[in-house]
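Colleague: Following is a predicted model, sequence given first.
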Amino acid sequence: MKKTVKISALILEVILILFTFSGCWNYHELETYSIVSGIAIDKGLNGYKYHITFECIKMSGGGAGAEIEPLLLEEDGNTFFDTVRSTLRESDKKLYFNHCKIAILSPEIAKAGIKSLIDWVQRDSEPRLTMDLLVSREETAGDILRVKPQSGQILSYQIAGTLDEVTGYYGSSTGVQLYEASDILNTEGISLVLPAIEKKKEASGETVQFSGGAIFKGDRQIGWLASNSNKYYDMVRDKVKGGLLMTGPTPGSTQICLEIRKSETNVTPVVSGQTVSAQIQVQMKVSYAEQDSEKDELTQTGIDKVEEYAEKTVEYGIESVVKEVQQNDNSDIFGFGSHIYQNNRKEWERLSPKWHEIFKTMKVNVEAEVEIENTGLSRAKAGD
């Protein structure tokens with residue numbers, strides 16, 4: 001009896017070991033797939049709903065000399081999945097979306113609504129919820145993917161990498177991944193903003209650059225956020241990770257350049273009947289990066305005064321972007337309503353039916369506190 005038990009246990013152990021060495025269950029032969037790095041979505045041609053441009057990764061050569069090149073495929077369809085499968089009519093390789101980094105929407109598609117795109121990505125097992133969503137300022141989104149990348153390789157990866165860089169070092173066009181867009185669309189009291197992208201002409205040809213944001217109401221785009229307003233929108237949303245703050249004696253001055261080291265924002269809505277206002281407090285730590293004037297602001301004006309310049313710049317910038325959105329778009333991209341919803345559900349239930357009317361006239365009071373931690377002074381004298 002004991003011998004039988006031991007033999008049974010040994011057989012079970014062998015079976016378990018075989019399972020661990022059976023390989024990857026969803027292994028794919030690379031040569032049977034086209035790896036998609038990015039997609040651009042436009043209105044369909046010839047009566048179709050969608051026209052999608054797929055940027056794929058093409059391998060040429062072999063061994064150490066192998067090169068990666070972009071390959072563009074274009075197809076029409078009446079749903080996203082239909083369009084994807086339609087590529088098999090001209091290619092024997094199935095599209096593989098596990099490494100797709102970006103999805104660029106044309107203005108026409110963004111204005112029609114983006115819920116269908118989000119629904120497809122959430123249901124399909126291959127596309128990742130972490131892909132970045134962008135809106136093209138060009139007539140079509142496909143125009144963006146046709147630009148030859150400066151790196152000489154894959155444009156979609158260049159765009160995704162640049163988006164990460166500008167978020168941390170320039171402080172504008174904060175990236176929005178698909179799962180974040182979905183969360184915002186399903187959250188009370190806040191509207192979506194996606195980064196905008198456009199072509200830029202240079203002496204060596206064309207490149208792409210980020211250009212403000214696309215403002216949504218629900219899942220439909222209704223307007224644009226200017227590039228110089230994007231930074232102050234991010235401040236209200238407490239999404240500033242770094243970047244530069246240009247300031248001077250008056251709002252709009254650029255004599256002094258400060259590098260943002262740390263920024264924190266607290267928003268407190270104040271409700272009084274049908275009247276709502278918001279208290280916005282910004283605390284910022286910066287370094288003195290550059291001055292472009294004959295006057296030595298640090299020596300002749302003093303650090304305290306320069307900090308006051310910066311505080312006035314932040315306050316004016318935030319007040320201006322809030323007023324701009326209220327007048328032009330009337331969409332609560334700042335999430336003032338969301339703050340009420342999170343902290344006082346009963347008040348939100350009372351205010352939400354007329355929130356767009358309330359948001360359009362609400363006042364904001366901005367208080368900024370800027371501290372210069374490092375002046376970066378050089379000990380060298382002029383003429384040395």
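Modeller: Here it is on my side, so go on. Numbering: from 1, shown residues only.
Colleague: tell me the contacts of Glu126?
Modeller: The contact partners of Glu126, by CB atoms under 8 Å, 6 or more residues apart in numbering, come to 96-98. In short, each C-beta sits where N, CA and C put it, glycine included.
Colleague: Now with 6 Å, please.
Modeller: 97-98 (CB atoms under 6 Å, 6 or more residues apart in numbering).
Colleague: count of neighbours near Lys43?
Modeller: 16 (other CB atoms under 10 Å).
Colleague: and it, how far is that from Asn98?
Modeller: 27 Å (CB to CB, to the nearest Å).
Colleague: And Thr275, by the same measure?
Modeller: Plainly put, Thr275 is 51 Å away from Asn98 if you go by CB to CB.
Colleague: Break down this structure into its strands, ranges please.
Modeller: Assigned by DSSP state E, the chain shows strands spanning 33-43, 50-60, 67-77, 94-96, 102-105, 132-136, 193-202, 205-217, 220-225, 244-247, 256-272, 275-291, 363-374.
Colleague: Lys354 is nearest to which of the ones you listed?
Modeller: strand 275-291 (10.4 Å; CB to CB).
Colleague: What residues sit buried inside that closest one?
Modeller: The neighbour-count check on strand 275-291 (16 or more other CB atoms under 10 Å) flags 276, 278, 280, 282, 284-286, 288-289, 291 as buried.
Colleague: now it and strand 363-374, what's the angle there?
Modeller: 20 degrees (axes from the mean of the first three to the mean of the last three CA atoms, to 10 degrees).
Colleague: residues touching Ala368, list them.
Modeller: Here Ala368 is in contact with 282, 311, 314-315 (CB under 6 Å, 6+ apart).
Colleague: Sitting in helices, which of those do you find?
Modeller: Counted as lying in helices by DSSP state H, out of these, are 311, 314-315.
Colleague: and those residues as JSON lines, adding distance to Glu74 and pLDDT?
Modeller: JSON lines is the format used below for those (distance: CB to CB, whole Å; pLDDT from 0 to 100):
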{"residue": "Glu311", "distance to Glu74": "51", "pLDDT": "97"}
{"residue": "Val314", "distance to Glu74": "45", "pLDDT": "97"}
{"residue": "Glu315", "distance to Glu74": "48", "pLDDT": "97"}
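Colleague: Now render those residues as JSON lines, adding distance to Glu108 and neighbour count.
Modeller: Supplementary listing: these in JSON lines, determined by distance: CB to CB, whole Å; neighbours: other CB atoms under 10 Å:
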{"residue": "Glu311", "distance to Glu108": "42", "neighbour count": "19"}
{"residue": "Val314", "distance to Glu108": "36", "neighbour count": "26"}
{"residue": "Glu315", "distance to Glu108": "37", "neighbour count": "19"}
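Colleague: Kind regards, and thank you for your time.
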